[in-house]
Structure formats: C-alpha cells, structure tokens
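Asks: pasting the structure only:
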C-alpha cells in the first residue's frame, strides 16, 4: 500500500511541474533587436502564435512551405529560469513533430524576459549576459 501512495505522489508531482503556466496565457508584445514589433500569443488551449513585422507563425493551423501545421507550447515551471518548448506538428502526419524552445522569467506581472532558440530541435537552458537576437523583453497587452 505504501508503494502505491509513493507512486501516486510522484505522478501528481510530475504532472504539476509540467502544467501550463496560466500567467503566460495572453498576448505579449515587444520589439526585436532591430526594433521590429513582435508578439507572442499564448492561448489557454496550449497553442502559441508568434508575430514578427505582421507575419504570423504558429497557432492551431498555419502554412509553412505548403505544409499545414500547428504549434503548441509546454512549460516547465519546476526549473529557474522556467522552460518553454514549442511543438510544431505537421497536420497531415507526413512529417514528424519537431520542437524548439528556450527559457523565460517574469520581471513583474506585466513584463517577461524570453530567450527562444529559433533553430528546430534546439533549445536554451539559460539566459546570457550579452545582448543577443534571441532574447526579448515583452509586456502583456
């Protein structure tokens, strides 16, 4: 009986650490290194849409080189900085799901710092001291 309790507790704890970050849901707006307006839109269904200079990428359904795809996100708040992974899925099932990811931390309730690796299959585990093109300060809209 004691082993079942321990197993049940471990399952609950692992699900809690990988639960979606409800504070993240919404639209976060900022500028990239060149001053171009960018948005990250996280919805409560787990989809994320990125907008850069008016061009949308992600969400429930979007087109990439003639392929219909979707992009979801998963967060891990058990680590600091928090992790975020984007899952890009080919809706036809012809191509395997791929990921990209990074880290984020809240500056306050309305500001967040993101560092996202734009290379498919790669992620970041930390922030760097120098300014780089993959780090953004965003404000909640």
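Replies: Noted; the coordinates are in hand. Everything numeric here is computed off the predicted structure, so don't read it as measured data.

Asks: C-alpha from now on. contacts and neighbour counts both.
Replies: Fine.

Asks: what is the neighbour count of residue 67?
Replies: Around residue 67 there are 15 other residues, counting by other CA atoms under 10 Å.

Asks: identify the residues contacting it.
Replies: residue 90 (CA atoms under 8 Å, 6 or more residues apart in numbering).

Asks: quick check: it vs residue 41, distance?
Replies: Separation of residue 67 from residue 41 (CA to CA, to the nearest Å): 21 Å.

Asks: what segments of this structure are strands?
Replies: 26-31, 37-42, 48-52, 55-64, 67-76, 82-90, 98-108, 111-116, 135-140 (DSSP state E).

Asks: excluding chain neighbours, give the residue nearest to the residue positioned nearest the centre of the chain in space.
Replies: Nearest to the mean C-alpha position of the chain, counting by CA atoms, centre = their mean, stands residue 84 at 4.0 Å. Nearest non-adjacent residue to residue 84, counting by CA to CA, 6 or more residues apart in numbering: residue 75, 4.4 Å away.

Asks: from residue 24, how far off is that neighbour?
Replies: For residue 75 relative to residue 24 (CA to CA), the value is 9 Å.

Asks: tell me which of these two has more neighbours.
Replies: residue 75 (23 against 20).

Asks: wait, isn't that one in contact with residue 87?
Replies: No - under the criterion of CA atoms under 8 Å, residue 75 makes no contact with residue 87, lying 11.2 Å away.

Asks: okay, now the unreliable bits of this protein?
Replies: Applying pLDDT under 70 to the chain flags the ranges 1-19.

Asks: any idea how far residue 124 is from the residue nearest to residue 104 when sequence neighbours are not counted?
Replies: What sits nearest to residue 104 in space, not counting adjacent residues and going by CA to CA, 6+ apart, is residue 114, at 4.5 Å. Applying CA to CA, the value for residue 114 to residue 124 is 10 Å.

Asks: which residues are in contact with both of those two?
Replies: Common contacts of residue 114 and residue 124 (CA under 8 Å, 6+ apart): 102-103.

Asks: thinking again about what came up before, the residue nearest to residue 104: neighbour count?
Replies: Residue 114 has 21 nearby residues by other CA under 10 Å.
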